[in-house]
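# Have a look at this prediction, sequence included:
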Amino acid sequence: MLVKVYGSAVFGVEATTITVEVNVASGIGYHLVGLPDNAIKESSFRIVAALQNNSYKFPGKKITVNMAPADLRKEGSAYDLTLALGILAASQQIKSSKISDYIIMGELSLDGGLQPIKGALPIAIKAKEEGFKGIILPIQNVKEAAIVTGLEVYGVSSIQQVIRFFDKDIPLERTEINTREEFYNNLEHLEHDFSDVKGQESIKRCMEIAAAGGHNIILIGPPGAGKTMLAKRLPSILPPMTLREALETTKIHSVVGKIKENVGLMSQRPFRSPHHTISDVALVGGGAYPQPGEISLSHNGVLFLDELPEFKRGVLEVMRQPLEDREVTISRAKFTVTYPSSFMLVASMNPSPSGFFNDPDSPHSSTPVEMQRYLSKISGPLLDRIDIHIEVTPVPFDKLSEERKGESSVDIRTRVTAARHLQTSRFQNNEKVHYNAQMNVKQIREFCKLDEASKNLLKIAMERLNLSARAYDRILKVARTIADLEASEHIQGAHISEAIQYRSLDREGWLG
């Protein structure tokens with residue numbers, strides 16, 4: 001008897017429906033075709049044990065299983081439940097009348113229990129698009145899939161529950177979530193707050209500008225100056241995620257199985273901080289079966305690279321294209337996958353190998369040659385793609401011992417959100433641009449027009465600091481953001497002056 005059961009495969013951040021055709025005929029043998037990987041080939045052992053431990057049998061006949069489309073590579077153990085139900089239905093041990101109405105996914109334990117799968121959200125989205133009645137998957141993934149409205153989502157903990165549902169019409173408990181209500185309820189929960197930071201008012205101002213315009217920023221200062229503390233609080237002043245951004249972000253994290261158990265839609269912007277030993281593939285994504293890297297996991301959030309010169313130069317260089325295009329394309333012989341990677345880059349570094357720069361009280365010092373060698377680990381083109389360079393100095397004792405709390409993240413976020421609303425209105429006719437950092441050259445010329453005094457000021461700075469054409473554009477973008485924070489329609493000389501100050505690494509004599 002031939003039975004068709006449906007599963008799903010995830011490529012990039014999109015799912016593709018897989019038809020599992022199971023035919024049981026006279027003879028002996030188990031034949032699994034359709035480009036399965038080793039994890040799927042090994043599924044027969046898990047299925048046999050799971051069925052036996054639940055009082056069912058693996059038929060001793062000729063079983064042929066085809067996973068269509070047959071020319072598409074399938075991977076992972078999430079097809080165990082799909083294959084097991086197909087075999088039971090084809091061998092007439094259970095009814096098969098309703099089985100084709102559902103997408104069925106799950107990894108089997110030997111006792112028939114179910115383990116969580118990856119990519120539940122894109123699978124559920126595809127199931128709804130293709131008109132399936134519902135989706136059956138492990139209970140650990142049920143909240144993630146239930147984000148999709150108009151689809152029956154059933155979370156199960158064992159194969160026995162699924163068998164009873166199809167064979168004896170014992171209903172499963174449907175999971176329904178009010179996506180909007182849950183999303184907006186969790187939106188204001190902030191883990192870190194800028195009110196915890198003592199002093200550093202000028203650095204907070206930089207972080208506010210960076211957040212308002214989506215600008216990349218690098219913090220340069222000695223150990224203990226507060227670089228990491230400031231970076232971790234940046235997501236708390238970014239505008240709250242929109243529902244569309246939350247769905248995009250959740251899909252990417254779902255594909256790599258990074259969604260926490262019993263969590264549906266991600267409501268907080270991601271903050272990723274990879275170690276400096278990370279490989280280029282782990283950073284940008286890839287592998288034999290491409291997976292998103294850290295820059296895609298940072299989509300709509302913050303990627304923090306602590307001690308930037310300690311990262312391998314080759315790893316940093318592969319970020320140059322994603323920083324410009326805000327997406328990563330991974331090509332293989334038979335397919336191409338594109339992952340979104342619109343993130344804010346926040347980097348930190350010591351100004352010298354010892355960590356102290358021109359500090360007469362420090363017992364450590366570095367020669368100009370050592371400092372130059374240290375800084376040369378970061379290429380000029382990469383630094384050009386970072387809009388704001390700012391020096392972070394240690395906080396004096398009198399500031400550290402102050403009882404008074406600083407300005408809260410909520411207050412700063414209010415100003416940032418207001419500036420973002422101006423930018424959203426400005427770029428409403430362009431689907432690819434949402435904030436100032438995303439402007440291309442044409443848009444910079446249109447929205448960053450200067451008066452004569454501002455032009456002269458920028459010209460002097462360009463000549464004295466020997467800035468590149470890309471640095472020129474970065475200054476204009478930052479100046480536009482500073483003007484937006486003041487709700488100013490035009491860029492003024494003061495805005496240009498402040499933006500020029502945030503190009504520390506371009507200044508001649510910075511090495512002392």
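Yep, it's here.

# Next, count neighbours for the closest residue to A145 other than its chain neighbours.
Sequence neighbours aside, A124 is the residue nearest to A145 in space, at 4.0 Å (criterion: CB to CB, 6 or more residues apart in numbering). In short, each C-beta sits where N, CA and C put it, glycine included. A124 has 28 neighbouring residues, counting by other CB atoms under 10 Å.

# CA-only coordinates of the helix or strand hosting A124 in PDB, if you can.
Per DSSP states H and E: A124 is located in helix 120-129. Provided in PDB are the C-alpha atoms of helix 120-129 (Å, rounded to 0.1, in the frame of the first residue of the first chain):
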ATOM      1  CA  ALA A 120       9.700  25.300  13.300                       C
ATOM      2  CA  LEU A 121       8.700  28.900  12.400                       C
ATOM      3  CA  PRO A 122       9.600  28.800   8.700                       C
ATOM      4  CA  ILE A 123       8.100  25.300   8.500                       C
ATOM      5  CA  ALA A 124       4.800  26.600   9.900                       C
ATOM      6  CA  ILE A 125       4.800  29.600   7.600                       C
ATOM      7  CA  LYS A 126       5.200  27.300   4.600                       C
ATOM      8  CA  ALA A 127       2.500  24.900   5.800                       C
ATOM      9  CA  LYS A 128       0.000  27.800   6.000                       C
ATOM     10  CA  GLU A 129       1.100  29.100   2.500                       C
END
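
# Spit out the contact partners of R164.
I170 (CB atoms under 8 Å, 6 or more residues apart in numbering).

# Distance-wise, check it relative to L85.
Distance from R164 to L85, counting by CB to CB, to the nearest Å: 12 Å.

# Overlap in contacts, the two.
By CB under 8 Å, 6+ apart, no residue touches both R164 and L85.

# re the thing from before, check contacts around the residue nearest to A145.
Applying CB under 8 Å, 6+ apart, the residues near A124 are I103, I135, E144, A145, A146, I147, V148, L151, V153.

# Go ahead and confirm the last one touches V142.
Meaning V153. Yes - V153 is in contact with V142 according to CB atoms under 8 Å; the separation is 6.1 Å.

# just checking, next helix/strand downstream of the helix holding A124?
strand 134-138.

# Dump the helix or strand just after that next one to PDB, restricted to CA.
The helix or strand immediately downstream of strand 134-138 is helix 142-145, counting by DSSP H and E. Extracted in PDB, the C-alpha atoms of helix 142-145 (Å, rounded to 0.1, in the frame of the first residue of the first chain):
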ATOM      1  CA  VAL A 142       4.900  24.600  19.800                       C
ATOM      2  CA  LYS A 143       5.000  28.200  20.900                       C
ATOM      3  CA  GLU A 144       7.400  29.100  18.100                       C
ATOM      4  CA  ALA A 145       5.100  27.600  15.400                       C
END
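
# Give me the contact list for helix 142-145.
120-121, 123-124, 135, 137, 151, 153-155, 175, 177, 250, 254, 259, 262-264.

# Now do stretch 53-71, average pLDDT.
Averaging pLDDT along stretch 53-71 gives 94.

# List the buried residues in that stretch.
Y56, F58, P59, I63, T64, V65, N66, M67 (16 or more other CB atoms under 10 Å).

# Can you identify each of the helices in the stretch 1-150 of the chain by residue range?
38-41, 43-52, 80-90, 120-129, 142-145 (DSSP state H, counting those that start in this stretch).

# Equivalent analysis for the stretch 301-450 of the chain, please.
313-317, 320-325, 368-375, 380-384, 397-400, 409-426, 441-447.

# for this structure, longest strand please?
The longest strand of the chain (DSSP state E) is strand 14-25.

# Name every strand pairing with it and say which way it goes.
strand 2-11 (antiparallel), strand 62-68 (antiparallel) (DSSP bridges).

# Off-centre distance for that strand?
Its chain's C-alpha centre and that of strand 14-25 lie 30 Å apart, by CA atoms, centre = their mean, to the nearest Å.

# Work out the gap between stretch 372-384 and the centre of the chain.
When distances are taken as CA atoms, centre = their mean, stretch 372-384 is centred 26 Å away from the chain's centroid.

# centroid residue for the chain?
L297 (2.2 Å; CA atoms, centre = their mean).

# For E324, see how far away that residue is.
Taken as CB to CB, the span from L297 to E324 is 19 Å.

# Against L465, how distant is the closest residue in space to V22 that isn't next to it in sequence?
Closest residue to V22 apart from its sequence neighbours, by CB to CB, 6+ apart: G86 at 3.6 Å. The spacing between G86 and L465, counted by CB to CB, is 67 Å.

# ok, these two, which is more surrounded?
Using other CB under 10 Å as the criterion, G86 and L465 rank with G86 on top: 28 against 17.

# ok, the more buried one touching Y6?
No - applying CB under 8 Å, one finds G86 not in contact with Y6, separated by 9.6 Å.

# so what sits against both of the two?
V20.

# What is the end-to-end distance of stretch 216-226?
Across its full length, stretch 216-226 reaches 18 Å end to end, with CA to CA, to the nearest Å as the criterion.

# try stretch 370-379
Length of stretch 370-379, first residue to last, CA to CA: 16 Å.

# That stretch: which residues count as buried?
M371, Y374, L375, I378.

# chain center to that stretch: distance?
Counting by CA atoms, centre = their mean, stretch 370-379 comes out at 30 Å from the chain centroid.

# same deal with stretch 252-259?
9 Å.

# what's the answer for stretch 191-202, then?
25 Å.

# again, but for stretch 379-390
Distance, centroid of stretch 379-390 to centroid of chain: 22 Å (CA atoms, centre = their mean).
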